[in-house]
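>>> dropping a prediction and its sequence here:
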Amino acid sequence: VQAYTVQCSRCGQWRLVPSEEVYESIRARVLENPWVCEDAKIWRPDACCDIKGDIQQEGDDRLWALDKPNLPKTPAGWKRDFVIRSEGCSRFGDIYYISPCGKKLRSMVEVAKFLEDHPEYYDLSVDQFCYTIPQPADKSY
């Protein structure tokens with residue numbers, strides 16, 4: 001992932017988000033709290049709908065992946081990794097969770113087994129993980 005962006009629910013412009021953590025916080029509550037440009041004032045003081053978007057999707061040679069809203073926020077210390085598959089594959093990409101100890105988990109079954117085998121993560125449940133794959137913005141997959 002080169003950059004995390006969020007789209008303003010008011011003006012439709014795309015704004016760069018400073019980190020994956022901030023992006024996940026926005027995504028986890030976007031249906032209850034639709035994001036607007038002014039919310040970016042935390043990291044960009046001049047942010048407002050009147051200022052041109054940070055990035056435009058049209059004419060961009062990057063591949064855009066659009067996450068489903070309200071996915072659970074990745075637990076602290078964990079990483080949610082999205083890997084795009086090569087063109088022509090049956091699926092757009094794969095989701096992996098990387099545990100704090102570096103173990104890559106490829107499915108909910110693996111997450112459940114890992115949590116069962118590691119009681120130090122007693123405060124986590126499988127409900128805090130989601131393997132929903134982002135959709136390509138151009139729908140070519």
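Nice, I can see it. Numbers count the residues shown, from 1 in each chain.
>>> please compute how far the host helix or strand of residue 26 lies from its chain's middle.
Following DSSP states H and E, one finds residue 26 within helix 20-29. From the chain centre to the centre of helix 20-29 is a distance of 7 Å (C-alpha atoms, centre = their mean, to the nearest Å).
>>> show me how the chain divides into domains.
Listed domain ranges for the chain are 1-62, 63-140 (source: the TED database).
>>> after the lowest-mean-pLDDT helix or strand in the chain, next one along is what?
The weakest-scoring helix or strand in the chain, judged by mean pLDDT, DSSP states H and E, is strand 65-66 (a mean of 70). Next in sequence after strand 65-66, counting helices and strands by DSSP H and E, comes strand 79-84.
>>> not counting sequence-adjacent ones, nearest residue to residue 94?
Using C-beta to C-beta, 6 or more residues apart in numbering and skipping the chain neighbours, the partner closest in space to residue 94 is residue 83 (5.1 Å). No exception for glycine: its C-beta is placed from N, CA and C like everyone else's.
>>> ok, residue 85 next?
Counting by C-beta to C-beta, 6+ apart, the residue nearest residue 85 is residue 93, at 5.4 Å.
>>> okay, and residue 115 sits in which element?
With DSSP H and E as criterion, residue 115 is part of helix 108-117.
>>> and after that helix, which helix or strand comes next?
Tracing the chain past helix 108-117, the next element assigned as helix or strand by DSSP H and E is strand 135-136.
>>> helices or strands up against that following strand?
strand 65-66 (3 or more C-beta pairs under 8 Å, 6 or more residues apart in numbering; DSSP states H and E).
>>> let's have the domains of the chain in TSV, adding mean neighbour count.
Formatted as TSV, those follow (neighbours: other C-beta atoms under 10 Å):
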stretch	mean neighbour count
domain 1-62	14
domain 63-140	14
